[in-house]
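Student: how would this look folded up:
(4 chains)
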4 protein chains.
Amino acid sequence: MADLGNDHLVQSDDPEHPANLIPRLCKQFYTLGWVTGTGGGTSIRKDEYVYIAPSGVQKELMKSENMFVLKYPTPKYPPSAREYVRKPRDLKPSACTPLFLAAFERGAGCCIHTHSQWAVLVTLLVEKLFGREACFEISNIEQIKGIPKGPGKGMLGFHDTMRIPIIENTPFEEDLTEFLEKAMEQYPDTYAVLVRRHGIYVWGDNVAKAKTQCESLDYLFQLAVEMHKLGLPWT
Amino acid sequence: MADLGNDHLVQSDDPEHPANLIPRLCKQFYTLGWVTGTGGGTSIRKDEYVYIAPSGVQKELMKSENMFVLKYPTPKYPPSAREYVRKPRDLKPSACTPLFLAAFERGAGCCIHTHSQWAVLVTLLVEKLFGREACFEISNIEQIKGIPKGPGKGMLGFHDTMRIPIIENTPFEEDLTEFLEKAMEQYPDTYAVLVRRHGIYVWGDNVAKAKTQCESLDYLFQLAVEMHKLGLPWT
Amino acid sequence: MADLGNDHLVQSDDPEHPANLIPRLCKQFYTLGWVTGTGGGTSIRKDEYVYIAPSGVQKELMKSENMFVLKYPTPKYPPSAREYVRKPRDLKPSACTPLFLAAFERGAGCCIHTHSQWAVLVTLLVEKLFGREACFEISNIEQIKGIPKGPGKGMLGFHDTMRIPIIENTPFEEDLTEFLEKAMEQYPDTYAVLVRRHGIYVWGDNVAKAKTQCESLDYLFQLAVEMHKLGLPWT
Amino acid sequence: MADLGNDHLVQSDDPEHPANLIPRLCKQFYTLGWVTGTGGGTSIRKDEYVYIAPSGVQKELMKSENMFVLKYPTPKYPPSAREYVRKPRDLKPSACTPLFLAAFERGAGCCIHTHSQWAVLVTLLVEKLFGREACFEISNIEQIKGIPKGPGKGMLGFHDTMRIPIIENTPFEEDLTEFLEKAMEQYPDTYAVLVRRHGIYVWGDNVAKAKTQCESLDYLFQLAVEMHKLGLPWT
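Tutor: A predicted model of the protein is given here:
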């Protein structure tokens, strides 16, 4: 792989710089059980760049210098104009990259992909209970208020029903992209898409929103699994 | 929002100062799973001030400078006399504020609000098993001795029945206040009120008591859920 | 409470000194969920002294200066000869003290008391399945090899049955002492006694043995609860 | 035990040196619940040496100076040529040693042994559901892609069935060796062998692969147990 240089893009003393923030987030996600065994991934868009954690690196050991950087001038630019401006030697780009870009096309500032077991179990329970086409629905739980109603619409209310679409998994992660994009069109208000037997993609306007929405969703998935064990309905 | 200044109220080298203590507690509560996704909150009363964690900030990243401060001359002062003396720029005050004040009216020195899943599951199980009006009851578990019998009455004994009232959730957190206050009147000995499908409010004479009582309650809720799974009765 | 002085007994640069070790262990036990809300306790015997964590202090915040110290000349000395040589001002001695001393009478170098939920659930399951007099039994699990067969007898083997006696709880912790001592007589090979609806006392020849035996037991209790949920028998 | 000297073999400033890496890994495995109460073990092969964590030491307190070192010239050398070149005074070599060597014979660079409860529960469930001879099988879960198809064959695909052989436990750990080796012959593509009622041995070409494969397997075992509780089939 040709060395593109541009190391300065991942060197910063600012702890909030994406190249410093992604390793810190990955370490935290590891502790939360979201990125076990190099699973999952994280990407941040800032100014005209997209920063992406590499494939196959232990998430709790990630370093700034491991980051891939993609030139991403504006969300409405043709996707063909995207190109890597930094590729760490000996590392592979994340297979999640096209899925992260799909979120950035919708204006996201950060996208998180986890293999959370609660997410996986919820996709399996939904299929068993309601069939393959169904999405996950839950209502009347306070934590729902941590999830947005849709772009520019504020947050869901306690009595609202939260709906997260579920797409089927594909053998190759990049092949999920078209199904993720279809779900985004079908559910234009959603900030997350579950992938059956796989995990979840969650995005947000910025890092704090993506992360806290991902946490609120994971809380709701865990609660839903425990509710099901105790014979308590979700809606 | 007008800048009220008064930054000195949250600047102290004393690790036990409320402005330093609240961030430390919030970080610990995050690890315990009590304040996932900016849920929950914490407030401390000290001398003539009440310190309150803001709304919408990631709890494990809270800083002293994020604290709201309310002038709170004495517990028996008319509530209308309360006014903010410090408001961090760009942050919103916690929607829990009137509920925290209700606890301070009863002489509390600290009030903690969590979204603990064990608390939520207990409120759902109580409704399923005993109906909507019921409170949570458990007896003959050693950890009950970590909960006070009532103000000035010492701690509960092993054979005592611990009763925690449950109120119904409301779409807006501040609307819980009147129901919380009613529960406080109906259960004058309680130091905690569960909120159905939401979480719990726990208070204590000081920070150590509020925190350890909150831990003991959470232990009992978790145990109660596991006991129910195993077919073991609570009383 | 009279100040007995003797602060030098808890001041040492050696991280393995009991006054430094107890706070470190308590913090670790807090993380393991064994001493939630000031529950549980720890004591170490070294040379002619017994060091005991105080009552009512948050276990993860324990400090060397919080330690009680008891003169304890030899294990075979009459118990009446025991006397405090250091009492921290404003703290209460642990109600577990006579139970710790019962372990030291048997030659223990360290005794740990936890409120582990797995221990509590196992005592409840044993009562439900086999009645009140029964002890907890499990066999054919590798981790059993972490538990001694009895003083000077080496460790249990994989095919051996591990038996941990269970005593009934009493309203006051110190009243457990006579039942603990009876269980010690009836089960002379045991290094642990479960207390129904309360937790467990575990001791060992030294700190490392007490702690690792306590861990192995907790592992086996958790496994036993999960096995029961899955319909798998313990022996 | 004769002092063989050679302390320089475990002294290095390189954090990636096996003598520094094993303690760090053991601490992490302790937090993951894999090596409770001195259970489990870890070994790394580097150049002509094999580094092995000792028996009976608390895994979260392991130090470089506790490491045993074995001369291990090439994987194809006759096993009789292996000899210790460093033995820490007062410590016992791990009973897992011959099992680690069996993995190194197959070209492994690192071997990890855990007592994970999820691994133990899976061996018990497989026996209950499919009988004693069966191996654990799961398919159509994304995390399967973290497990290799076999030496030089790339990783398993989403639709592939992952098979992990299970051997019966023996009273003495070293007696497992012949059964482990038989399983390795019968399943030449496997990088892991479950031991019924005991735990798992996982190996990999290097430390990162052994650790991340161990994590992926543990994730799949935990998921499988939870799926079984929820009535969801594994394949």
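
Student: mind listing what the residue minimising distance to the centre of chain A touches?
Tutor: Centroid-nearest residue in chain A: A:Ile112, 2.6 Å away (criterion: Cα atoms, centre = their mean). If a contact means Cβ atoms under 8 Å, 6 or more residues apart in numbering or on different chains, then A:Ile112 has A:Leu25, A:Phe29, A:Trp34, A:Gly40, A:Gly41, A:Thr42, A:Tyr201, A:Val202, A:Trp203, A:Ala210, A:Lys211, A:Cys214 as its contacts. C-beta here means a position set from N, CA and C on the backbone, and glycine is covered the same way.

Student: and chain A, which residues reach chain D?
Tutor: Within chain A, the positions lying close to chain D (Cβ under 8 Å from any Cβ of the partner chain) are A:36-39, A:58, A:115, A:117, A:120-121, A:124-125, A:128, A:169-171, A:195, A:197-199, A:225, A:228-229.

Student: All the strands of chain A, in order from the start?
Tutor: A:41-46, A:49-52, A:68-71, A:83-86, A:110-114, A:136-139, A:161-164, A:166-167, A:192-195, A:199-204 (DSSP state E).

Student: Help me confirm that A:Thr114 comes into contact with A:Trp34.
Tutor: Yes: the pair A:Thr114 / A:Trp34 is scored as a contact, 3.6 Å apart, by Cβ atoms under 8 Å.

Student: Mind listing the shared neighbours of those two?
Tutor: A:Gly40, A:Cys214, A:Asp218.

Student: Dump those to CSV, plus neighbour count and pLDDT.
Tutor: Converted to CSV, these look like this (neighbours: other Cβ atoms under 10 Å in any protein chain shown; pLDDT from 0 to 100):
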residue, neighbour count, pLDDT
A:Gly40, 24, 96
A:Cys214, 31, 98
A:Asp218, 24, 98
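
Student: Counting residues, name the longest helix you see in chain A.
Tutor: helix A:207-229 (DSSP state H).

Student: What helices and strands are in contact with it?
Tutor: Judged by 3 or more Cβ pairs under 8 Å, 6 or more residues apart in numbering or on different chains; DSSP states H and E, helix A:207-229 is in contact with helix A:18-31, strand A:110-114, helix A:117-130, strand A:136-139, strand A:192-195, strand A:199-204, helix B:117-130.

Student: what's the most buried one of those?
Tutor: Neighbour counts (mean count of other Cβ atoms under 10 Å in any protein chain shown) averaged over each of those peak at strand A:110-114, with a mean of 29.

Student: give me the low-pLDDT residue ranges for chain A?
Tutor: Counting by pLDDT under 70, chain A contains low-confidence ranges at A:1-3, A:74-81.

Student: Apply 50 and report the result again.
Tutor: Low-confidence segments of chain A (pLDDT under 50): A:1.

Student: So which bits of it are right by chain B?
Tutor: So chain A meets chain B at A:140-143, A:146, A:157-159, A:208, A:211-213, A:215-216, A:218-219, A:222-223, A:226-227, A:229-232 (Cβ under 8 Å from any Cβ).

Student: if we go to 6 Å?
Tutor: Listed as neighbours of chain B in chain A under the rule Cβ under 6 Å from any Cβ of the partner chain: A:140-143, A:146, A:157-158, A:212, A:215-216, A:219, A:223, A:226, A:232.

Student: Which members of the residues you listed are classed as buried?
Tutor: By neighbour count, with 16 or more other Cβ atoms under 10 Å in any protein chain shown, these hold A:Asn140, A:Ile141, A:Glu142, A:Gln143, A:Gly146, A:Phe158, A:Thr212, A:Glu215, A:Ser216, A:Tyr219, A:Leu223, A:Glu226 as buried.

Student: What distance do you get for A:Pro151 to A:Thr177?
Tutor: According to Cβ to Cβ, to the nearest Å, A:Pro151 and A:Thr177 sit 20 Å apart.

Student: okay, these two: which has more neighbours?
Tutor: A:Thr177 (18 against 13; other Cβ atoms under 10 Å in any protein chain shown).

Student: Put together a markdown table for the strands of chain A, with distance to C:Gln186 on each row.
Tutor: Shown next, in a markdown table, are these (distance: least, Cβ to Cβ, whole Å):
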| stretch | distance to C:Gln186 |
| --- | --- |
| strand A:41-46 | 57 |
| strand A:49-52 | 64 |
| strand A:68-71 | 66 |
| strand A:83-86 | 70 |
| strand A:110-114 | 51 |
| strand A:136-139 | 52 |
| strand A:161-164 | 56 |
| strand A:166-167 | 57 |
| strand A:192-195 | 55 |
| strand A:199-204 | 52 |
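
Student: so which of the ones you listed comes closest to D:Pro165?
Tutor: Each of the strands of chain A has some distance to D:Pro165 by Cβ to Cβ; the shortest is strand A:199-204, at 27.6 Å.

Student: Direction-wise, compare the closest one with helix A:207-229 and give the angle.
Tutor: Counting by axes from the mean of the first three to the mean of the last three Cα atoms, to 10 degrees, strand A:199-204 lies at 140 degrees to helix A:207-229.

Student: Give me the contacts around strand A:199-204.
Tutor: A:99, A:103, A:108, A:110-115, A:119, A:191-194, A:210, A:213-214 (Cβ atoms under 6 Å, 6 or more residues apart in numbering or on different chains).

Student: Tell me the one among the shared contacts of A:Thr114 and A:Trp34 nearest to B:Ser64.
Tutor: Of these, the one sitting nearest to B:Ser64 (Cβ to Cβ) turns out to be A:Cys214, at 26.8 Å.

Student: Count the residues that sit near the residue in chain A that chain C sits nearest to.
Tutor: With Cβ to the nearest Cβ as the measure, A:Lys229 is the residue of chain A nearest to chain C, at 9.5 Å. Look at A:Lys229: counted by other Cβ under 10 Å, it has 16 neighbours.

Student: what's the answer for the one 5 residues further on, then?
Tutor: A count of neighbours around A:Trp234, defined by other Cβ under 10 Å, yields 20.

Student: looking at it, A:Glu215 is touching B:Thr38, isn't it?
Tutor: No: contact criterion Cβ atoms under 6 Å: A:Glu215 and B:Thr38 do not qualify, at 8.3 Å.

Student: residue contacts, A:Tyr72?
Tutor: Counted by Cβ under 6 Å, 6+ apart, A:Tyr72 has contacts A:Val50, A:Arg82.

Student: again, only this time at 7 Å
Tutor: Listed by Cβ atoms under 7 Å, 6 or more residues apart in numbering or on different chains, the contact set of A:Tyr72 reads A:Arg45, A:Glu48, A:Tyr49, A:Val50, A:Arg82, A:Phe104.

Student: out of those residues, who has the most neighbours?
Tutor: Neighbour-wise, the contacts of A:Tyr72 (other Cβ under 10 Å) top out at A:Arg45, 25 neighbours.

Student: Please point out which parts of stretch A:182-198 sit buried.
Tutor: A:Ala183, A:Met184, A:Tyr187, A:Thr190, A:Tyr191, A:Ala192, A:Val193, A:Leu194, A:Val195, A:Arg196, A:Arg197, A:His198.

Student: Tell me which two in those are the farthest apart.
Tutor: A:Tyr191 and A:Arg197 (21.5 Å).

Student: returning to what we had before: nearest to C:Arg86, of the strands of chain A?
Tutor: Of those, nearest to C:Arg86 by Cβ to Cβ is strand A:110-114, at 50.8 Å.

Student: Identify the neighbouring strands of that closest one in the sheet and state each direction.
Tutor: strand A:41-46 (antiparallel), strand A:199-204 (antiparallel) (DSSP bridges).

Student: Taking their axis directions, the last one and helix A:117-130 sit at what angle?
Tutor: Orientation note: strand A:199-204 sits at an angle of 110 degrees relative to helix A:117-130 (the same axes, to 10 degrees).

Student: same deal with the first one?
Tutor: Between strand A:41-46 and helix A:117-130, the angle comes out at 110 degrees (the same axes, to 10 degrees).

Student: Contacts made by strand A:41-46 with the rest, please.
Tutor: Strand A:41-46 has contacts (Cβ under 7 Å, 6+ apart) with A:18, A:21-22, A:25-26, A:50-53, A:72, A:94, A:96, A:100, A:104, A:108-113, A:207.
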